[in-house]
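1. the sequence and its predicted three-dimensional model are supplied below.
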Amino acid sequence: MKNGKLLIIGGAEEKYQGVTILRKFVELAQQNNGKIGILTTATQLPEEVGNEYKEVFANLGAADSITIDVDSREKAEDENILEDVQSLSALFITGGDQSRLTKMITGTKLHRLFFQKWHEGMVLSGTSAGASIMGKHMIVSAMTKDEDEILQVEMDQGFGFMHTLLIDQHFSQRARFDRLLGAIAGNPDLMGIGIDENTAILVDGDRFEVLGEHQVLILDGKDSSYVEVTTTEEGSEELTVSNFKLHTLTSGCHFDLKSRKLIRKED
């Protein structure tokens, strides 16, 4: 069976007016048999966030949704929670702190069940932190030290649904180009995907389509001819790169993840 589709959202998706992205998620979920699960591990407010998405999905015609509240590794091994996940047609991963997702779920029975269900066709979606977790690796944080202006990018493991992608979210709105560039310069085998707010990519096999209001930026360093980090006399680090590929895509654009190229409309 073909893997389920992945709807990866850059955060702050519209929930009540012009609900393009979440409506698409509900449409995909309803093509399978089962409930929609809302994984609230990333947020510190699981009940409030879970209830909000339940209301949104009900307004879009999907009244049968449940909250999957996993706030410990013990719960990620709990048979009752695993049974709930077995019944799902689609899983939605909310925003918050992506480190919580790694801490509570990565490597557990629940993590393995997510993969099994996805391989069987379950739809997976995530917004903000739930988008970052989709890759094998993810950016946890990036901090600039005022005294030396060094941008330090902290990385961690994601859930691993997309092995070749490093996904960043709230991209233009939070000026995250530098941190994605730094991360890809250090991991040129990965392709950086920066997704704006109220914007998403819908991944189907080796291709994705852009949905929503703004842009998706792609940084590809696979064929880079030069990457160097130098330290100035003042102690700050400067990055030199050459021959990185850059794509910016808007709603309706399609991209081939295997060839790493835009799919033109005539193709």
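-> Sure thing, it's come through. Numbering: from 1, shown residues only.

2. shaky segments in the protein?
-> Scanning the chain for pLDDT under 70 picks out 142-152, 266-267.

3. all helices for it, in order.
-> Secondary structure of the chain (DSSP state H): helices located at 20-29, 46-59, 79-86, 98-105, 109-119, 129-132, 177-186.

4. most tightly packed of those helices?
-> helix 129-132 (a mean of 28; mean count of other Cβ atoms under 10 Å). Bear in mind the C-beta positions are built from the backbone N, C-alpha and C, glycine included.

5. same for it, what does it pack against?
-> strand 6-9, strand 88-93, helix 98-105, strand 165-169 (3 or more Cβ pairs under 8 Å, 6 or more residues apart in numbering; DSSP states H and E).

6. mind checking the ones you listed for the one nearest to K75?
-> Of all those, it is helix 98-105 that lies closest to K75, at 7.5 Å by Cβ to Cβ.

7. for that closest one, packing partners?
-> So helix 98-105, by 3+ Cβ pairs under 8 Å, 6+ apart, packs with helix 129-132, strand 137-144, strand 151-157.

8. quick one: which of those is nearest E197?
-> When the helices and strands packed on helix 98-105 are compared (using Cβ to Cβ), the closest one is helix 129-132, at 10.8 Å.

9. what residues does that closest one touch?
-> Identification of contacts with helix 129-132 by Cβ atoms under 8 Å, 6 or more residues apart in numbering yields 8-11, 39, 42, 92-98, 100-101, 126, 138-139, 158, 167-169, 195.

10. try 7 Å
-> Residues outside helix 129-132 that contact it (Cβ atoms under 7 Å, 6 or more residues apart in numbering): 8-10, 42, 93-98, 101, 138-139, 158, 167-169, 195.

11. quote the end-to-end distance of stretch 180-191.
-> This stretch, stretch 180-191, spans 10 Å end to end (Cα to Cα, to the nearest Å).

12. show me what the residue nearest to T127 when sequence neighbours are not counted is bridged to.
-> Excluding its sequence neighbours, the residue lying closest to T127 (Cβ to Cβ, 6 or more residues apart in numbering) is I9, at 4.0 Å. Going by DSSP bridges, I9 is paired in beta bridges with T127, A200.

13. go on, L217?
-> When bridges are called by DSSP bridges, L217 pairs up with G194, T248.

14. give the contact list for it.
-> F171, G194, T248.

15. burial measure for the residue nearest to T127, as a count.
-> For I9, the tally of surrounding residues (other Cβ atoms under 10 Å) stands at 29.

16. let's number from 56 now, not from 1
-> All right, first residue 56 from here; so that's I64.

17. and the gap between it and S142?
-> 24 Å (Cβ to Cβ, to the nearest Å).

18. can you check S297 too?
-> In terms of Cβ to Cβ, S297 sits 51 Å off from S142.

19. higher neighbour count, the two?
-> Neighbours per residue (other Cβ under 10 Å) separate S297 from S142, with S142 holding more: 13 against 10.

20. which residues touch the more buried one?
-> Counting by Cβ under 7 Å, 6+ apart, the residues that S142 touches are G89, K90.

21. perfect, that will be all.
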